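*Asks:* this one's structure only:
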Ligand code: ADP
Ligand code: MG
């Protein structure tokens, strides 16, 4: 049977916009020793903006932006949304014959007369296309048309205002290990991790790498130490499911993530995670 106090704890959390899907998760928050964060949409806002469009001769800026927008027309990824927003016009989706989203890499699209690859350097490397290896001051989206490199679009995201405070809050509550995982490039990964106060981070990961890293950490933990994962569910739903406690960002998060998560943070603020642990500690003191 579940001690009544837990219902009070869950109610208290929900008043703060933290939805806890069961008393076992609230109780589990007391034992969190490792917190793993996804980057995009979790530590950062996940609302990218196009900063620069750099075509490769003979393509023009307008051309590569349009090609990228056509390629991203079916994607819900925050990167795709930023490109579509910059393009600003609607796309005739009828011209798309075949569409494939390659998780952690980008999209492959076949139109009536063109083969488009829109994504990161891994996607280019897989197709054997040589790309411009720029110093990465943001997320780089490369564009290739019919096997020919056409240029890149530089887009940037912003770190959430309370991210560093949220991380510090976790450290103050005795969380031993804080880790960041990202599919994004090394320079951006390093920059975000350093700015929010995380010194262990892994970049250029595919979704299955994220699962493997979490599984390896879980193997090292005893029964009284729990791993909490925080993500937005875009490309990280498998990790959300595998963690002892999966936390999803309710605002940017996909429906699938909110479904898969054990705890949902409605306002997407990172300081809500130490707050949830504090509520769990208070609840335990009342219950026992
Ligand atoms: P994160 O791990 O930071 O949450 P994702 O796993 O969602 O990021 O994506 C990892 C990388 O894959 C992105 O940084 C980007 O380079 C590439 N990518 C994923 N989806 C797309 C897309 N629709 N268009 C272009 N690039 C994409
Ligand atoms: Mg993600």
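*Replies:* Received it, and whenever you're ready, just let me know what you need. Keep in mind it's a predicted model, so treat the numbers as computed, not measured. Ligands and ions are numbered 1, 2, ... in the order given.

*Asks:* for ligand 2, what are the nearby residues on this structure?
*Replies:* Counting by Cβ under 5 Å from the ion, the chain comes close to ligand 2 at 38, 40, 234-236. Heads up, the C-betas are built off the backbone N, CA and C, glycines and all.

*Asks:* what's around residue 142, how many residues?
*Replies:* Counted with other Cβ atoms under 10 Å, residues neighbouring residue 142 total 25.

*Asks:* Surely it forms part of a strand?
*Replies:* Yes: looking at residue 142 with DSSP: H, G, I helix; E, B strand; the rest coil, it is inside a strand.

*Asks:* got a list of what it touches?
*Replies:* Listed by Cβ atoms under 8 Å, 6 or more residues apart in numbering, the contact set of residue 142 reads 106, 117-121, 123-124, 129, 131-132, 149, 151-152.

*Asks:* What residues are bridge-paired with it?
*Replies:* residue 119, residue 152 (DSSP bridges).

*Asks:* Now do the strands in the stretch 51-200 of the chain.
*Replies:* All strands of the stretch 51-200 of the chain, identified by DSSP state E, counting those that start in this stretch, fall at 96-102, 106-111, 115-119, 139-145, 148-156, 177-181, 200-202.

*Asks:* Minimum distance to residue 225: which of the ones you listed has it?
*Replies:* Among the strands of the stretch 51-200 of the chain, the nearest to residue 225 by Cβ to Cβ is strand 177-181 (9.6 Å).

*Asks:* Name the nearest of the residues of the chain next to ligand 2 relative to residue 275.
*Replies:* Nearest to residue 275 among the residues of the chain next to ligand 2, with distances taken as Cβ to Cβ, is residue 38, at 19.4 Å.

*Asks:* what bridges to the closest one?
*Replies:* Here residue 38, judged by DSSP bridges, has bridge partners residue 181.

*Asks:* now residue 274: how far from ligand 2?
*Replies:* 22 Å (Cβ to the ion, to the nearest Å).

*Asks:* That residue contacts residue 170, correct?
*Replies:* Yes: under the criterion of Cβ atoms under 8 Å, residue 274 makes contact with residue 170 at 5.3 Å.

*Asks:* need the strands of the stretch 51-200 of the chain in JSON lines with mean pLDDT, can you?
*Replies:* Shown next, in JSON lines, are the strands of the stretch 51-200 of the chain (pLDDT from 0 to 100):
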{"stretch": "strand 96-102", "mean pLDDT": "96"}
{"stretch": "strand 106-111", "mean pLDDT": "98"}
{"stretch": "strand 115-119", "mean pLDDT": "98"}
{"stretch": "strand 139-145", "mean pLDDT": "97"}
{"stretch": "strand 148-156", "mean pLDDT": "97"}
{"stretch": "strand 177-181", "mean pLDDT": "98"}
{"stretch": "strand 200-202", "mean pLDDT": "98"}
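
*Asks:* Whichever residue of the chain sits closest to ligand 1: what's it in contact with?
*Replies:* Nearest to ligand 1, among the residues of the chain, is residue 183, at 2.4 Å (Cβ to the nearest ligand atom). Residue 183 sits next to 40, 104-105, 120, 203-207, 235 when contact means Cβ under 8 Å, 6+ apart.

*Asks:* Mark which of these are buried, thanks.
*Replies:* Neighbour-count burial (16 or more other Cβ atoms under 10 Å) is assigned, among these, to 40, 104-105, 120, 203, 205, 207, 235.

*Asks:* Next up, phi/psi of residue 176, please.
*Replies:* phi -80, psi -40 (degrees, to the nearest 10).

*Asks:* Which residue, other than its chain neighbours, is closest to it?
*Replies:* Nearest residue to residue 176, sequence neighbours excluded (Cβ to Cβ, 6 or more residues apart in numbering): residue 33, at 4.9 Å.

*Asks:* What of residue 206?
*Replies:* Residue 206 sits nearest to residue 104 (Cβ to Cβ, 6+ apart), 4.2 Å away.
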